Every structure is written in structure tokens, then in C-alpha cells.
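1. Return atomic coordinates for the entry below.
(one chain, ligands or ions: 1)
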Amino acid sequence: MWLNLRWRSRAEDRLDAWITRQHQERVLAGRMIPVGPCPDEASLKSIAKHSKDISLSDPRVNHAANCPACMKRVLELRLVYRSRRRRLMFTAAAGCCLIVVSIVVVAIRRANTPHHSSDMAAIPEIIDLWNAGTNRGDQPTRLQPVSLPAALVKVTIILPRYSEPGRYMVAVTRDQKGIDLVARGSAASTGEVNREEVSVDIDLRNLQRGDYFLLTTHEQNQASYYYPLQIK
Ligand SMILES: [Zn+2]
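-> Predicted coordinates for the structure are as follows:
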């Protein structure tokens, strides 16, 4: 049905174009007699543009449709306007393509950009255990709790006096037996003689606020010490 209508429409278009061509040939050959004077260039431009400010009943249109000079000029102007319109459409289409390509490129770049969560700056924290009495194993704790934020922290622990140098494992546990370990890190101790400190990155972002234990274990002699820890 649609195809049939479309075919009829094209056939009609062809017929109209043929009639128009026949008329144009007659006019250009000077076989028609125009009525009235030749309109000015601006009017011919309006006619060529199919401008709304010139109605078909305007005598200038009737003149241009029958005057060889005016029709020649209108046909020239129509060619100019058509090529200008094509250029504009091409520019607009190219502009649209450029926008689409830019959007796609930006989207791909965003998708490929890694989220630098692991590169996030760790919050520096210092825990001073220098004067802290040490609790080995499951001895009851009577220490003042130390505290850390629920964040990615770079914690520097000043180890209790008489701590040995070496590599330390630093962990956060829920219990004092070191079974329920929730975060850990390890590093070699640094510092002067008899004053050791260890600096480790620990990710505490997934921890609920509350009471935990901070566990330090000397990796060589396996001596573990627990300190009450509050995650804030
Ligand atoms: Zn004329």
C-alpha cells in the first residue's frame, strides 16, 4: 500500500517536472510573452528561494515565470542556493558526526580509566606505644585504647621500648587470639637503637566503628602483642 502510494507520488513528480521543463524551454526560447516590467534582483532572489514573503499570486512571479531573462536568473540563483544548502547540510552532518565521535571517545576513555582507589592517599597516623605496657597472648588488657579512622591509613607505630629490630606484621583483629583478622600489613622496622618504629599501609575502609585489637608480631621470633584499638 505504502509502496504503491510512493510509486504514484514519484510518477506524479516526474510528470510535474516534465511539464515544468517544457514550460521553461518555451520561455527561454522567447515563445512566451511576459506581463509587466522585470522585477528587481531582490525579488528574483525571493522567488528563487521560494521565500514566504512572495506569494504565487504576486504579478512578479507571473512575470518571472514567463520572461526569459528573469527565468534564466531565477534558475541560476536556485542552483547557487541548492549548492549552499547542500554545503550547510554537509557541514551540519559532519558536525553531528564529530559530536558523536567525541562522545564515544570520551565514554571509552572513561570506561578505560582505572579507578585509583588503591592509589588513594593513605591518611598518616601515628600510634605511640613507647610507654605502653605490652600484653602477650591472652593476658587481660588494661591499656588505654589507641584509635584509628575507618579509612586507608599509613600508620607509623612507635614500638614499645626494648622491641627488637626486624620485620613486623601489623594486623587488626576482632578478637585477642588473632583468628578474626580484618586487616594487615607488614614492614621492616626502622629507627635508632632501642627505639624501633614500623610504618605500614592498612586498609580499614570496610570496618565498622567499634572495638578491635591491634596486633604486632615480630616475624622472626613470632612474639605477638595486642593493644586495644578503637576504629572511629
Ligand atoms: Zn523579466
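2. Near the ion, which residues of the chain? Just list them.
-> Applying C-beta under 5 Å from the ion, we find that the chain lies next to the ion at 38, 67, 69-70. No exception for glycine: its C-beta is placed from N, CA and C like everyone else's.
3. try 6 Å this time
-> Remark: the part of the chain in contact with the ion comprises 34, 38, 63, 67, 69-70, using C-beta under 6 Å from the ion.
4. Can you check these and name whichever has the most neighbours?
-> Within the residues of the chain next to the ion, neighbour counts (other C-beta atoms under 10 Å) peak at C67, which reaches 24 neighbours.
5. Identify those among the residues of the chain next to the ion that sit within strands.
-> Among the residues of the chain next to the ion, no residue falls in strands (DSSP state E).
6. In the residues you listed, find the pair that's most separated.
-> Greatest spacing in these, by C-beta to C-beta: H63 and A69 (10.2 Å).
7. Common neighbours of the two, please.
-> The overlap between the contact sets of H63 and A69 (C-beta atoms under 8 Å, 6 or more residues apart in numbering) consists of C38.
8. now the strands for this structure?
-> With DSSP E as the criterion, the chain has strands at 123-128, 146-148, 152-158, 167-173, 181-188, 190-192, 195-203, 210-218, 224-231.
9. L143 against P228, yeah?
-> Yes - using C-beta atoms under 8 Å, L143 is in contact with P228, at 5.7 Å.
10. So if I had to pick from these two, which one is more boxed in?
-> Neighbours per residue (other C-beta under 10 Å) separate L143 from P228, with P228 holding more: 17 against 14.
11. pretty sure the more buried one is touching D211, no?
-> Yes - between P228 and D211 there is a contact at 6.7 Å, judged by C-beta under 8 Å.
12. chain center to stretch 165-176, what's the gap?
-> Computed by C-alpha atoms, centre = their mean, to the nearest Å, the separation of stretch 165-176 from the middle of its chain amounts to 42 Å.
13. Do me a favour and get the end-to-end distance for that stretch?
-> Length of stretch 165-176, first residue to last, C-alpha to C-alpha, to the nearest Å: 24 Å.
14. Return the set of buried residues in that stretch.
-> Buried residues in stretch 165-176, defined by neighbour count with 16 or more other C-beta atoms under 10 Å: 165, 168-174, 176.
15. Any idea how many residues pack against R60?
-> The local packing of R60 (other C-beta under 10 Å) involves 20 other residues.
16. returning to that earlier point: got the residues of the chain next to the ion as TSV, with distance to T91 columns?
-> Formatted as TSV, the residues of the chain next to the ion follow (distance: C-beta to C-beta, whole Å):
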residue	distance to T91
P34	38
C38	35
H63	35
C67	35
A69	34
C70	31
